[in-house]
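> I'll drop the sequence and a predicted model, then ask my questions.
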Amino acid sequence: MTEKKRILSGMRPTGPLHLGNLHGALMNWIQMQEEYDCFYFIADWHALTSDYENTSMLAEYTKEMIIDWLSAGLSPDKSTMFVQSQIKEHAELFLLLSMITPVPWLERNPTYKDQIIQLSNKDLSTFGFLGYPVLQAADIIMYKPFGVPVGIDQVPHVEITREIARRFNFLYGQIFPEPEAILTKTPKILGFDRRKMSKSYNNAIFLSDAPDAISSKVSLMITDPQRARKKDPGDPEVCNVFEFHKIYTDGSITADINAKCRIAGIGCVECKKIMAQNLAVSLEPIREKRKYYEANPKIVDDIIADGNIRARKVAVKTMEEVRNLLKI
Ligand code: TRP
Ligand code: SF4
């Protein structure tokens, strides 16, 4: 049997996962389990790069995120799930990589420039925030994956990772493969206010939402903005609700809604009711599994502990090679 190729990806524990995260990353991660040797981790140190002032929720969000992962279908039998801060080797590699990373590579990182502007309410003029991609490079090359499944926003970080790996190999010896970004195709589902779905915008539907929370959020959803009254025809192609139908509603019913909307044969209230119902049904198995893990926290702890052991084994070996190359 040939060995499966390895991939690795991580998420910052910033709160409960929503449908944007599910379709933007998690579904892809779940699928990749069948084909690859997958390493998935919680980037809790990365959460500190912007949220260093308040760390009170970090441990809870970390555990909650693992529960979201397990409930959605990541399996400890197929994937190695671990927590960044529990593998101290990441800190050592981060330090060594920081020695060889030119500051201008970090200063011209588009995410860095963007975030400084967007998160102007926080003081991000820290060493750690500038060094975000160096820590990410350490996370990645530690496990020598061939690919990193990420959304488009993370591509610059994978690019910097490749540059750092190349520089390391050039200076000390060829040990790190240059990982590729594996782009995740995302359906364009938006929050109920039509902005990008995000916890901080308060417009998200969470994997853990109960059916009544789902219906009330769906009832708030902005539809075709041109369709003011029920007797006006609508355009499903510009309607966020319709994007959800494409995912959660049976194809023939979706086609029917498409046709009826265009001739004002269905009202938005009814259309939303159908969608909310299908969405709730589709999230039900995730909610069921979540109940199980919430009732059995020891099982979750064991899964994390086991994943940490598996990850640490790889990390320890990589760091031995690294120290040998550096003669340290
Ligand atoms: N920066 C990533 C994000 O915000 C999280 C992350 C940290 C990551 N380390 C990683 C993703 C390594 C992929 C690989 O989404
Ligand atoms: Fe959107 Fe449905 Fe209203 Fe058409 S009927 S605009 S698809 S919510």
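On my side now, so go ahead. Ligands and ions are numbered 1, 2, ... in the order given.
> which parts of the worst-scoring helix or strand of the chain on mean pLDDT are buried?
The weakest-scoring helix or strand in the chain, judged by mean pLDDT, DSSP states H and E, is helix 110-118 (a mean of 89). Across helix 110-118, burial judged by 16 or more other Cβ atoms under 10 Å covers T111, Y112, Q115. All C-beta atoms are positioned from the backbone trio N, CA, C, and that covers glycine.
> and these as a markdown table, adding distance to ligand 2?
Listed next are the buried residues of helix 110-118 as a markdown table, based on distance: Cβ to the nearest ligand atom, whole Å:
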| residue | distance to ligand 2 |
| --- | --- |
| T111 | 33 |
| Y112 | 38 |
| Q115 | 34 |
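> domains in this structure, by residue range?
6-189+297-326, 211-289 (automatic domain parsing).
> okay if I get those domains as JSON lines plus distance to ligand 1?
Formatted as JSON lines, the domains of the chain follow (distance: least, Cβ to the nearest ligand atom, whole Å):
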{"stretch": "domain 6-189+297-326", "distance to ligand 1": "3"}
{"stretch": "domain 211-289", "distance to ligand 1": "21"}
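> pick the most buried one from those.
Of the domains of the chain, the one with the most neighbours on average (mean count of other Cβ atoms under 10 Å) is domain 6-189+297-326, at a mean of 18.
> one step back: mind putting the domains of the chain into JSON lines with distance to Y201?
As requested, the domains of the chain are exported to JSON lines (distance: least, Cβ to Cβ, whole Å):
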{"stretch": "domain 6-189+297-326", "distance to Y201": "10"}
{"stretch": "domain 211-289", "distance to Y201": "13"}
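> out of these, nearest to K196?
Closest approach to K196 among the domains of the chain (Cβ to Cβ): domain 6-189+297-326, 7.2 Å.
> how far is that closest one from where the chain is centred?
10 Å (Cα atoms, centre = their mean, to the nearest Å).
> what residues does the least confident helix or strand of the chain touch?
Here helix 110-118 makes contact (Cβ atoms under 8 Å, 6 or more residues apart in numbering) with S50, L106, L124, F129, L130, Y132, P133, D153, Q154, P156, H157.
> which one of those is nearest to ligand 2?
Nearest to ligand 2 out of the contacts of helix 110-118 is D153 (Cβ to the nearest ligand atom; 27.7 Å).
> so for that closest one, what's the nearest residue that isn't a sequence neighbour?
Residue nearest to D153 in three dimensions, not counting chain neighbours: T111, with 6.7 Å by Cβ to Cβ, 6 or more residues apart in numbering.
> could you measure from the one you found over to I303?
31 Å (Cβ to Cβ, to the nearest Å).
> list the helices and strands the strand or helix carrying M275 packs on?
Secondary structure from DSSP states H and E places M275 in helix 268-295. In terms of contacts (3 or more Cβ pairs under 8 Å, 6 or more residues apart in numbering; DSSP states H and E), helix 268-295 is packed against helix 58-72, helix 211-219, helix 240-248, helix 251-262.
> can I get those in a markdown table including mean pLDDT?
Converted to a markdown table, those look like this (pLDDT from 0 to 100):
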| stretch | mean pLDDT |
| --- | --- |
| helix 58-72 | 98 |
| helix 211-219 | 97 |
| helix 240-248 | 96 |
| helix 251-262 | 98 |
